[in-house]
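1. sequence first, predicted coordinates after that:
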Amino acid sequence: MQKKDLTEKKVLVFGTGISGIGAAKLLEKVQAEVILYDGNEKLCKEEIRKKLPKDSKCEIVLGALSKELLESLDLVVMSPGVPLDIPTVEQIKAAGIPVWGEIELAYQMSAGTVLAITGTNGKTTTTALLGEIMKAYADSVFVVGNIGNPYTDAALSMTEDSYTVAEISSFQLETIDTFAPKVSAILNITEDHLNRHHTMEEYIRVKELITANQTKEDYCILNYEDEVLRAFGERCPAKTVFFSSERKLEKGAFLDGDAICLKTDTETLEIVKTGELKILGKHNYENVMAASAMAYYTGVPVEVIHKAITEFRAVAHRIEFVDEINGIAYYNDSKGTNPDAAIKGIQAMNRPTLLIGGGYDKESSYEEWIQSFDGKVKYLVLIGQTREKIQEVAHKCGFVNTILADNLEEAVSMCTQKAEKGDAVLLSPACASWGQFDNYEQRGDKFKEYVYALKKA
């Protein structure tokens with residue numbers, strides 16, 4: 001793809017957050033004339049300036065956009081956090097100025113093969129997993145996008161031999177133009193971000209845009225068990241490959257007993273046994289299927305895929321395997337900050353489990369979480385503001401093996417004392433961390449610290 005020449009072009013970057021700053025830095029490197037803009041006139045220009053390189057010549061404009069400035073622009077680059085239906089954006093579009101998002105900007109300035117992942121859930125794990133597979137296969141690999149590494153930061157380092165693994169949100173897909181991954185994936189679509197997209201139909205349309213510029217020489221990996229995606233597979237512009245955790249497919253990736261397989265036009269390949277994986281749960285098996293299929297159709301040999309996925313550990317704080325001490329496995333699911341997320345945590349366990357829950361009270365109801373224990377939970381050890389409330393709910397639901405602890409360190413100690421060889425200790429709180437911790441990351445890090453201390457003892 002021919003890179004777009006933006007030398008001396010006047011480009012307005014809309015938004016002064018991480019994405020906007022990343023876009024501004026990239027544009028200055030390719031010698032564009034950059035204006036960093038935010039509609040909030042109360043922001044401090046000096047504070048924004050501190051985020052830019054010291055030698056930046058970027059102009060900062062806050063508040064209303066003048067007609068003169070608007071008429072002088074060659075391009076506008078939108079940050080994903082800015083809605084496209086606000087009056088200022090309508091004004092830009094009406095003036096006929098091209099509007100790109102940060103993903104489009106990075107794509108136009110980069111080179112190599114792009115593999116892109118979207119979906120409501122599972123994006124981060126699948127992106128990280130595919131990133132590890134590609135790093136085992138190729139020398140030049142970049143894992144970027146909504147996973148926390150701005151695509152714009154890496155774009156100019158990419159060569160024709162590079163592979164870019166990108167996690168792309170619906171907000172980012174709204175503003176693509178020529179963005180065309182060699183292999184894409186839509187993992188699932190459930191109700192989300194309707195405050196931005198307004199209708200489910202629009203949310204679905206935007207998610208499907210990941211394939212907009214693909215052709216039948218490209219591939220799109222889709223979840224067969226998602227009705228929306230199953231239907232989309234029939235009109236997808238790329239070659240469609242499905243994955244399923246519920247049934248064997250005539251072609252695609254699927255679970256066959258304890259084996260994840262990939263059936264092509266000519267053969268059935270066993271990718272991995274689920275028991276070889278360090279990540280647990282059906283949702284993670286789906287992530288493995290999607291990442292494996294993406295890698296395979298990019299040309300990665302099965303043995304490379306197998307080695308990378310068996311070595312892969314969960315993304316931090318998401319049913320993350322910490323260690324096994326005296327036959328007891330410890331898992332950190334601190335990101336289980338609500339009952340729905342914590343249900344996935346307990347469903348992923350394949351051993352008798354001692355569960356640590358509780359924390360800040362977000363006025364959630366806990367009945368469904370307690371009912372999901374399904375005989376797996378031996379003890380529920382509770383901490384934080386909600387400990388008595390959850391204990392009361394548990395007892396009403398008929399689960400009486402509850403213990404109240406004063407803090408997380410004590411909870412880890414109590415679980416270790418009660419656990420037997422072959423058990424698991426799981427931190428999956430179903431509550432926010434505030435009150436005891438700054439955020440769920442700090443809570444998860446403390447849990448890991450206490451587990452590592454057990455090994456030393």
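-> Looks like it came in fine.
2. quick one: contacts for residue 185?
-> Going by C-beta atoms under 8 Å, 6 or more residues apart in numbering, residue 185 touches 116, 117, 118, 119, 126, 220, 221, 222, 290, 293, 294. C-beta: built from backbone N, CA, C; applies to glycine.
3. just confirm the last one contacts residue 218, I think it does.
-> It refers to residue 294. No - distance between residue 294 and residue 218: 11.3 Å, which falls outside the contact criterion (C-beta atoms under 8 Å).
4. who has more neighbours, those two?
-> Between residue 294 and residue 218, counting by other C-beta atoms under 10 Å, residue 294 is the more crowded of the two (32 against 18).
5. which helix or which strand is home to the more buried one?
-> Using DSSP states H and E, residue 294 falls within helix 282-296.
6. distance between that helix and the chain's centre?
-> Computed by C-alpha atoms, centre = their mean, to the nearest Å, the separation of helix 282-296 from the middle of its chain amounts to 14 Å.
7. so the residue lying closest to residue 307 once chain neighbours are set aside: helix, strand or coil?
-> Leaving aside its sequence neighbours, residue 307 sits nearest to residue 136 (C-beta to C-beta, 6 or more residues apart in numbering; 6.4 Å). Following DSSP: H, G, I helix; E, B strand; the rest coil, we place residue 136 in the helix state.
8. what pLDDT is listed against residue 136?
-> pLDDT, residue 136: 98.
9. again, but for residue 1
-> Residue 1 carries a pLDDT score of 54 in this model.
10. what about the most centrally placed residue in the chain, distance to residue 317?
-> Taking C-alpha atoms, centre = their mean, the centroid of the chain lies closest to residue 124, which sits 2.5 Å from it. For residue 124, the distance to residue 317 (C-beta to C-beta, to the nearest Å) stands at 11 Å.
11. which stretches of the stretch 201-350 of the chain have low pLDDT?
-> Along the stretch 201-350 of the chain, no part satisfies pLDDT under 70.
12. tell me, how many residues neighbour residue 281?
-> For residue 281, using other C-beta under 10 Å, the count is 20.
13. how far away is it from residue 96?
-> Applying C-beta to C-beta to residue 281 and residue 96 gives a distance of 49 Å.
14. and this structure, what are its domain boundaries?
-> Domains of the chain are assigned by automatic domain parsing as 10-97, 104-311, 320-456.
15. what about the second one, how long is it end to end?
-> End-to-end distance of domain 104-311: 33 Å, with C-alpha to C-alpha, to the nearest Å as the criterion.
16. the last one now?
-> Distances were taken as C-alpha to C-alpha; on that basis the terminal residues of domain 320-456 are 20 Å apart.
17. circling back to that earlier point, figure out which of the domains of the chain is closest to residue 3.
-> Nearest to residue 3 among the domains of the chain is domain 104-311 (6.1 Å), distances taken as C-beta to C-beta.
18. mind listing what's buried in the following helix or strand past the helix holding residue 294?
-> Next along the chain after helix 282-296, taking DSSP H and E as the criterion, comes helix 302-311. For helix 302-311, a neighbour-count test (16 or more other C-beta atoms under 10 Å) marks 304, 305, 306, 308, 309 as buried.
19. one more: stretch 201-213?
-> If you call a residue buried by 16+ other C-beta under 10 Å, then stretch 201-213 has these buried ones: 203, 204, 206, 207, 208, 209, 210, 211, 213.
20. spatially, which two of the buried residues of helix 302-311 are the most separated?
-> Most distant of those, by C-beta to C-beta, are 304 and 309, 9.8 Å apart.
21. between these two, which contacts overlap?
-> Joint contacts of residue 304 and residue 309 (C-beta under 8 Å, 6+ apart) are residue 133.
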